[in-house]
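>>> based on what follows, work out the 3D shape:
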Amino acid sequence: MSAEKESYNTNFENTELRPLSRKDYKDIEELISKTWKYDSLSSNPKDAKHLSRLYLRSCLKRSTFSCVAVSEGKAVGIILVSSEKSAPRFTITRSLSQIYAAMLLLSTKTGRTIGKVFGGFEKVDSELLENSKQSFDGEICLFAVSEECRGAGVGKRLYSAAVDYLKSEDARSYYLFTDTTCTYQFYEKRGMKRIGEKKVGLRPYSNHDLNMFIYSYKLE
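Residues are numbered from 1 along each chain as shown. Presented below is the predicted three-dimensional model:
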């Protein structure tokens, strides 16, 4: 899933882009939690922390490229990409960290309920990809930008870095999953095409339904 919103903001124009490092994890986990409002899913604040940790680790496990936006020493944006041409960097520590995050989330009753909901989201993603009947060379696994710096071009720069990486990998196409909690118009403005969608109920967390999408792009 991904999130980026466009407005006008000049306070972060000199934001530095660099590869992700472990010292950024805490900032990125907080960014993930705020972006997708994990705090609203449970009365236990630890659930949001564990869920964001688990989500980051699951994205890292399959990614082959990372880029973070840093402003005044704080990570305010991230994009993770997977290329079929390159194998993800496997480490025992990363795998154990993902397992540990899952155990922490599932250690509470509310956490187990949330885990089932997000497990359902993963099934929908798999279904959307299968139903597209297309194969891809790359995936944008995670894309999020802090609300405070949206509109300063940070998201555009991160997205461009991801596309440049995929081009360097000789990728011909890539895809991503997103939904109505994100500003999916960002991708449409950059030529990505919606190739599938499905409506998912969010009860008891919300009275509204969620539309989940898969977008794709063919590189020249």
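
>>> how about the strands in this protein?
Per DSSP state E, the chain carries strands over the ranges 16-18, 65-71, 74-83, 138-145, 173-179, 193-201, 209-218.

>>> any chance of those strands in CSV with mean neighbour count and distance to Ala48 as columns?
C-betas here are computed from N, CA, C, even on glycine. Formatted as CSV, the strands of the chain follow (neighbours: other CB atoms under 10 Å; distance: least, CB to CB, whole Å):
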stretch, mean neighbour count, distance to Ala48
strand 16-18, 13, 27
strand 65-71, 22, 21
strand 74-83, 23, 18
strand 138-145, 26, 15
strand 173-179, 21, 18
strand 193-201, 15, 20
strand 209-218, 18, 18
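
>>> show me where pLDDT drops low in this structure?
Applying pLDDT under 70 to the chain picks out residues 1-13, 89-95, 202-208.

>>> neighbours around Lys26, how many?
When neighbours are counted by other CB atoms under 10 Å, Lys26 registers 14.

>>> that one and Asn14, how far apart?
Note on Lys26: its distance to Asn14, by CB to CB, to the nearest Å, is 23 Å.

>>> which among the strands of the chain is found nearest to Trp36?
With respect to Trp36, and counting by CB to CB, the nearest of those is strand 138-145 at 8.3 Å.

>>> report the angle between that closest one and strand 209-218.
Strand 138-145 and strand 209-218 are oriented at 130 degrees to each other (axes from the mean of the first three to the mean of the last three CA atoms, to 10 degrees).

>>> the residue located most distally from the centre of the chain and Gly115, how far apart?
Going by CA atoms, centre = their mean, the residue of the chain most distant from its centre is Lys109, 25.4 Å out. Distance, Lys109 to Gly115, by CB to CB: 11 Å.
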